[in-house]
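Q: structure here, sequence nowhere to be found:
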């Protein structure tokens, strides 16, 4: 998101990303050499001074997006705009142009319900929410675990007890398989 393949619209929240240090960006899983694209400006990672994209570093896709989902949907309906096959394949799993991607519905529910992005650590961007919402602050794993932990804990406990009982019944029935010799 906010790269040469998925340039972002201008937003007041863009300072959240362009002021990140290069080490923080790399720690989030984004390459150090991948520039930020907001509106008509391009920014090197770790440098909040923008360069006009018309004169230097033009984006590969000539469209602006306000969410990652918009970019993914655009890549599915306009594959010719995405010259890198690997990028197009990666974006396809996040697209929902036909409304047949239940994965996107789950992500959208989690982002709306818990204001989170990512599973174990917060991602750089929300998938379905606009970049105007800013950078995600929490990962979805924690609030989901808090909400469903008690209910799933009982089910897990019952599963453990059932598996122990099944194992014990297997052991007891195993003794029946032994051949005893008549004396």
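A: Good, I have the coordinates. Because the structure is a prediction, the values reported are computed rather than measured. Numbers count the residues shown, from 1 in each chain.

Q: which parts of the chain are strands?
A: For the chain, the strands defined by DSSP state E occupy 36-38, 41-43, 51-52.

Q: who wins for proximity to residue 152 among those strands?
A: Judged by Cβ to Cβ, the one of these that comes nearest to residue 152 is strand 36-38, at 39.3 Å. Where C-beta positions appear, they are placed from N, C-alpha and C, glycine not excepted.

Q: for the closest one, what is the average pLDDT?
A: The average of the pLDDT scores along strand 36-38 is 93.

Q: could you do stretch 14-25 as well?
A: Across stretch 14-25, pLDDT averages out at 91.

Q: got the buried residues for that stretch?
A: Of the residues in stretch 14-25, 14, 17-18, 20, 25 count as buried by neighbour count, 16 or more other Cβ atoms under 10 Å.

Q: ok, the one residue sitting closest to the centre of the chain - contacts?
A: Closest to where the C-alpha atoms of the chain average out (Cα atoms, centre = their mean) is residue 118, at 4.9 Å. In this structure, residue 118 makes contact with 136, 139-141, judged by Cβ atoms under 8 Å, 6 or more residues apart in numbering.

Q: now render the buried residues of stretch 14-25 as JSON lines, adding distance to residue 127.
A: As requested, those are arranged in JSON lines below (distance: Cβ to Cβ, whole Å):
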{"residue": "14", "distance to residue 127": "18"}
{"residue": "17", "distance to residue 127": "16"}
{"residue": "18", "distance to residue 127": "20"}
{"residue": "20", "distance to residue 127": "19"}
{"residue": "25", "distance to residue 127": "18"}
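
Q: from the residues you listed, which land in helices?
A: 14, 17-18, 25 (DSSP state H).

Q: farthest-separated two in those?
A: Spatially, the most separated pair among those is 14 and 25, at 13.9 Å (Cβ to Cβ).

Q: show me the contacts for the spatially closest residue to residue 133 that is not a sequence neighbour.
A: Taking Cβ to Cβ, 6 or more residues apart in numbering as the measure, residue 133 lies nearest to residue 126, with 5.9 Å between them; neighbours along the chain are not counted. Taking Cβ under 8 Å, 6+ apart as the definition of contact, the neighbours of residue 126 are 67-68, 111, 117, 133, 136.

Q: quick one, phi psi at residue 126?
A: Comment: the main-chain dihedrals of residue 126 come out as phi -70, psi 160, following degrees, to the nearest 10.

Q: run a quick neighbour tally on residue 72.
A: Using other Cβ atoms under 10 Å, residue 72 has 25 other residues around it.

Q: measure it to residue 64 for me?
A: Here residue 72 is placed at a distance of 15 Å from residue 64 (Cβ to Cβ, to the nearest Å).

Q: could you break the chain into its assigned domains?
A: As given by automatic domain parsing, the domain ranges for the chain are 14-139, 142-177.
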